[in-house]
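What would the 3D arrangement of this be:
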Amino acid sequence: MSDYYRERAAEYDAIYAKPERQTDLARLHSLLPELVRDRTVLEIAAGTGYWTATLSTAAESVLATDLNEEPLEIARSRSYDGAVAFQRADAYDLKAVAGDFDTAFAGFFWSHIPRSAIATFLRGMQKRLGSGGRLILMDNRYVEGSSSPVTRTTADGDTFQTRTLTDGRTFEVLKNFPTREQFIDDVTAFAEVEWTEFPYFWLATLTFR
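Prediction:
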């Protein structure tokens, strides 16, 4: 997974150009600023900074983190409206990330968490943000003809896609597509949930207990 996103950094944002997804994307860009307004935001798996730019329009500050340096180099080259900093960090081990945050954002990362690691990830975020902290998640729904086909499913329920880069190299990538019911069942022990569903995406806000 890490290798794939490191190698894909230069072409990652092309996914946002799909014509059928533009209405949904515009709606997400309009909703996200109000969810982070005047908040100190820790962004998980920020990638090339595509969503960091939207967060920066309203957040008090954003620390954008990613496991790989290559996408962060692209992210640093963008323009932002507010206070934005960058740091390499592992989403499962945030002890090295300094600072106090009341909100975390992870765009299109939840689908790459193995089902067996969901509780570990949520415990880490709950510990990092504290009771009342907010975790905002955004990810894909599976839509036949728009999403890459699922090529493998494990006994745990994890689903995989085969992705091809522009140079022809292929990678098998974990990509889960939870239903609303499954998602709420996975997180309800940790947080209160608000869920909004669009044709191609979903948006969830978790408030940790």
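
Contacts only, for residue 172.
Residue 172 is in contact with 151, 152, 160, 161, 162, 163, counting by CB atoms under 8 Å, 6 or more residues apart in numbering. (Glycine included, C-beta is placed from N, CA and C.)

Now, those that are in strands?
Using DSSP state E, the subset of those located in strands is 151, 152, 160, 161, 162, 163.

So which residues of the protein form strands?
Going by DSSP E, the chain shows strands at 40-44, 61-66, 83-88, 103-107, 134-140, 150-153, 159-164, 170-174, 191-197, 201-208.

Just name whatever secondary elements the first one is in contact with.
Strand 40-44 is packed against helix 50-56, strand 61-66, strand 103-107, with contacts defined by 3 or more CB pairs under 8 Å, 6 or more residues apart in numbering; DSSP states H and E.

out of the strands of the chain, which comes closest to residue 31?
Checking these against residue 31 by CB to CB gives strand 201-208 as the closest, at 6.6 Å.

The nearest residue to residue 112 once chain neighbours are set aside and residue 18: what is the separation?
Closest residue in space to residue 112, ignoring its immediate chain neighbours: residue 174 at 5.4 Å, by CB to CB, 6 or more residues apart in numbering. Per CB to CB, to the nearest Å, residue 174 is found 21 Å from residue 18.

How many residues are close by residue 17?
Around residue 17 there are 9 other residues, counting by other CB atoms under 10 Å.

Contacts only, for it.
Per CB under 8 Å, 6+ apart, neighbours of residue 17: none.

Tell me which two of the ones in strands among the contacts of residue 172 sit farthest apart.
The widest separation within these, taken as CB to CB, falls between 152 and 163 and amounts to 12.7 Å.

who has more neighbours, the two?
Between residue 152 and residue 163, counted using other CB under 10 Å, residue 163 has the larger neighbour count: 15 against 11.

The more buried one contacts residue 171, correct?
Yes - between residue 163 and residue 171 there is a contact under CB atoms under 8 Å: 5.1 Å.

Low-confidence bits of the protein, can you list those?
1-10 (pLDDT under 70).

the longest helix in it is where?
Determined from DSSP state H, the single longest helix within the chain is helix 22-36.

ok, residues contacting that one?
Helix 22-36 is contacted from outside by 16, 51, 54-55, 57-59, 103, 105, 134, 136, 138, 196, 198-201, 203, 205, using CB under 8 Å, 6+ apart.

Might one say that residue 106 is in contact with residue 134?
No - taking contacts as CB under 8 Å, residue 106 lies outside contact range of residue 134: 11.7 Å.

Comparing those two, which residue is more hemmed in?
The residue with more neighbours, out of residue 106 and residue 134, is residue 106; 23 against 20, by other CB under 10 Å.

where's the more buried one relative to residue 57, distance?
Per CB to CB, residue 106 is found 18 Å from residue 57.

Is residue 65 bridged to anything, and to what?
Going by DSSP bridges, residue 65 is paired in beta bridges with residue 87.

where's it relative to residue 164, distance?
27 Å.

These two - which one has more neighbours?
It is residue 65, of residue 65 and residue 164, that has more neighbours when counted by other CB under 10 Å, with 23 against 10.

re the thing from before, reformat the contacts of residue 172 as CSV; add distance to residue 190.
Formatted as CSV, these follow (distance: CB to CB, whole Å):
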residue, distance to residue 190
151, 31
152, 29
160, 26
161, 27
162, 32
163, 30
